[in-house]
Structure formats: structure tokens, C-alpha cells
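1. Give me coordinates for this.
(one chain, ligands or ions: 1)
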Amino acid sequence: MAEKLNPTIEITNLRFTYPGIDGHPPPGSTPLIDVFTLSLNAGERCLLVGSNGAGKTTILKILGGKHMVDPSMVRVLRRSAFHDTALTSSGDLCYLGGEWKRDVAFAGFEVPIQMDISAEKMIFGVPGIDPQRRDELIKVLDIDMSWRMHKSSDGQRRRVQICIGLLKPYKVLLLDEITVDLDVLARADLLKFLKKECVERGATIIYATHIFDGLEDWPSHLVYVAHGKLQLAMPMEKVKEISNLSLMRTVESWLRKERDENRKIRKERKASSLSEFEKKIDGTRVIGDPARALNNGWAAGRLHSTVKGEENFVLSSNRVLRG
Ligand SMILES: Nc1ncnc2c1ncn2[C@@H]1O[C@H](COP(=O)(O)OP(=O)(O)OP(=O)(O)O)[C@@H](O)[C@H]1O
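-> Numbering: from 1, shown residues only. I've put the predicted structure just below:
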């Protein structure tokens, strides 16, 4: 992507691996995200695509300040997302993903989202919100104020959650597939609203998704990640120049190529009597001496993920949204 003059998001040679419970990357582990560089400007809408396990959620969480990395590797609004907690508390940086689903329920208002509480109470309970913005969001998401959270459908609850998440006028928004429960109309209206936010207010959005329906004219940029590495980052006009297929078919062709290459590599490894899959070092177990400081540019996360291990891995992946 061309160099930006005043970027809102700057990722420079990002390297990251999930730490073991000693807080350090397991010795000998290969970074999950490696040599990742990307820069986005105000007003840009970036679609983040890649196969399952490519690293999209991890990248979004790093940008959302949920994992600690060297401040020089990731700057959001010229600040360090992890170290500058005012970025998120002010609402300038907003992350909506799987964990956010739980945060709203338990951390945001200290009431479970499935409690007997009305949509109105939840939405109007957020202090310091511009009433005009709130009304617009309620309209966009077509929320009925009388919905009782314990009796509403997944999609209805999701709409209320999205509404609450978007109440503050963020400058940078990170979306980890949040539209799965929404019906076609709600999704289309939400995407339209988000695009308007970028065009009119200069917000920057990164949206990781596997659903391409209605997205053809939404993004300004497309970023493709595979195995934690940046494969391609370009403006949509360029994508359209190199491919005359639809957005979905274009991405599908890249993923097919990637899968075929992976299969070929596995076959070759098997033929050379190597294990079919490269040996992965388990980042959830303590390996080596916990007292040893071993930081090769990698750093521990803020999440409890490393302590909870496998259980938390499932929760922290956006699979929880699809469950
Ligand atoms: N908490 C964790 N601890 C250790 N490894 C993790 C953790 N979370 C994810 N991973 C590893 O990181 C890889 C990338 O996961 P990530 O959730 O970022 O992928 P993704 O591109 O968002 O996938 P999907 O499309 O399936 O949501 C996974 O294959 C997994 O091996």
C-alpha cells in the first residue's frame, strides 16, 4: 500500500506469538504474525480476509490493544494501542468482536445480557451519548425499545449490542465478524451506516469477515492475510484491475490457491518422510525456565488467555460468534 501522510493505523514489521504461561514465547516457536506492515488513513474501510486460522482476529486484537507488542510495531492514532488505555476508554478506538460480546454483558454494565432488562434501559443507560447519534443507530438497527433481553432472539440481542458498541463516535473501528446473526436488511443498513461514518466523519474501519454478501462496493481497501503474513494489500480499484471476478470469487480464488499450495507442501513433506504438518510448539504450556527473560520482540498479552489455555482459545476466537 502506498505510504500514507497522516495514517490512523500504522503496523510496522509486526511480529507476534502467543506467549506461554510464563509470559514469554515458547523457545523455538515461530511467530504467528510475522513481518506484517500495513498503513491506513482516515476515511478508509479495509476488508481483512483470509482462511480460518490465518491470524485476522489476532491482528485485530493487537490493534485493539488486547495483546502487548512493542509500541513501535503498532500505532493507532499515533498512540500505542496497548499502553495508552485512554485510546479505548475515550471511545476513539473501538473493537467489536467475540470478547466484546461478553464484555458488554458482564463488564460494560455488570448485568448479563440475557437478564430481564429492556433494550431501552441498556441503550439509554450509556452516559454521555449524543441523542441524535443514538436515535440514528436505533433506527439503522431497527431496534424495538421494548425488547426484553432475556426473551429476544440472537439477532435482536446482537443489534442491541452493536448499537451500544457504536454509540460513541469512534475514530478507529475494528470489527471481527459481528454481523453473523443479523438478517439481510439489518446487515445491509449497518454496512451503509458504517460507510457513511468513514465518508462523512473520516473514521477508519477494519472489518474481518467471511461473508461477502453486499460488500462489493463497501471497502476502499482489501487486505489478504495467510499464515500470519500479509499477502496483499491494495485499494479496491486495483483489485478490480487485477481481477474481473466478483469480490467473493476473487477472494475464493486466492484461498483455493493457498489451500492447493498447502496440500502440495504437505504431500512433499510426506514423500520426504517428514511429518505432514510442521511441528507446532504449544504456546499454552510452560516450556523452559520461567525466570528466563526471552523476548525477541514478542511480548505477553493483556488477556487471561495464556492462563486459561485451550478453554480460552475457543472463547477468544470469533468462533464464539458463530456458535
Ligand atoms: N489464545 C491463543 N493462544 C494460542 N494460540 C492462539 C490463540 N488464539 C489463536 N491462536 C492461534 O492463532 C492462529 C490464528 O488465529 P486467529 O483467531 O487470529 O485466526 P483467524 O484468521 O481470525 O481465523 P478465523 O477465520 O477462523 O476466525 C490459530 O490458528 C491458532 O493456532
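
2. show me where the protein has strands.
-> 7-16, 33-41, 45-49, 74-76, 93-96, 172-176, 204-208, 221-226, 229-235 (DSSP state E).

3. okay, those in TSV with distance to the ligand and mean neighbour count next?
-> Yep, even glycine has a C-beta here, placed from its N, CA and C like the rest. Below are those laid out as TSV (distance: least, C-beta to the nearest ligand atom, whole Å; neighbours: other C-beta atoms under 10 Å):
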stretch	distance to the ligand	mean neighbour count
strand 7-16	10	20
strand 33-41	8	19
strand 45-49	8	25
strand 74-76	15	24
strand 93-96	13	24
strand 172-176	7	24
strand 204-208	6	25
strand 221-226	7	22
strand 229-235	12	17
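
4. Quick one: these as a markdown table, columns for mean pLDDT too.
-> As requested, the strands of the chain are arranged in a markdown table below (pLDDT from 0 to 100):
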| stretch | mean pLDDT |
| --- | --- |
| strand 7-16 | 94 |
| strand 33-41 | 93 |
| strand 45-49 | 97 |
| strand 74-76 | 95 |
| strand 93-96 | 93 |
| strand 172-176 | 96 |
| strand 204-208 | 97 |
| strand 221-226 | 95 |
| strand 229-235 | 93 |
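
5. List the buried residues for stretch 134-146?
-> Buried residues in stretch 134-146, counting neighbours by 16 or more other C-beta atoms under 10 Å, are found at 134, 137-138, 140-141, 143.

6. right, and out of the residues you listed, which lies closest to the ligand?
-> Here the nearest of these to the ligand, counting by C-beta to the nearest ligand atom, is Leu141; it sits at 23.7 Å.

7. got the contact list for the closest residue to the closest one other than its chain neighbours?
-> Nearest residue to Leu141 in three dimensions, chain neighbours excluded: Arg159, at 4.3 Å (C-beta to C-beta, 6 or more residues apart in numbering). By C-beta atoms under 8 Å, 6 or more residues apart in numbering, the contact set of Arg159 is 141-143, 182, 186.

8. Swap in 10 Å and give it another go.
-> 119, 137-138, 140-144, 147, 152-153, 181-183, 186, 190 (C-beta atoms under 10 Å, 6 or more residues apart in numbering).

9. repeat for Lys257
-> Counted by C-beta under 10 Å, 6+ apart, Lys257 has contacts Ala226.

10. Pass me the low-pLDDT residue ranges in the stretch 201-323 of the chain, would you?
-> Across the stretch 201-323 of the chain, residues meeting the criterion (pLDDT under 70) sit at 276-323.

11. Can you list the residue ranges for helices in it?
-> 236-242, 247-271, 305-308, 310-316, 319-322 (DSSP state H, counting those that start in this stretch).

12. Look at Ala271 and say how many residues are nearby.
-> If you count neighbours by other C-beta atoms under 10 Å, Ala271 ends up with 8.

13. Then Ile242?
-> Neighbour count of Ile242, defined by other C-beta under 10 Å: 10.

14. do the same with Lys196
-> 13.

15. That one and the ligand, how far apart?
-> Between Lys196 and the ligand the computed distance is 27 Å (C-beta to the nearest ligand atom, to the nearest Å).

16. Next: Leu63.
-> Separation of Leu63 from the ligand (C-beta to the nearest ligand atom) stands at 12 Å.

17. That residue and Ala81 touch, don't they?
-> Yes: with contact defined as C-beta atoms under 10 Å, Leu63 counts as touching Ala81 (5.8 Å).

18. Pull up the overlap in contacts between these two.
-> 9, 69, 74-75, 93, 95, 172, 174.

19. Pro26: which of the residues you listed is nearest?
-> Ranked by distance to Pro26 (C-beta to C-beta), the shared contacts of Leu63 and Ala81 are led by Val69 at 17.1 Å.

20. from the middle of its chain, how far away would stretch 242-251 be?
-> 23 Å (C-alpha atoms, centre = their mean, to the nearest Å).

21. That should have said stretch 116-133, apologies.
-> Put simply, stretch 116-133 sits 25 Å off its chain's centre (C-alpha atoms, centre = their mean).
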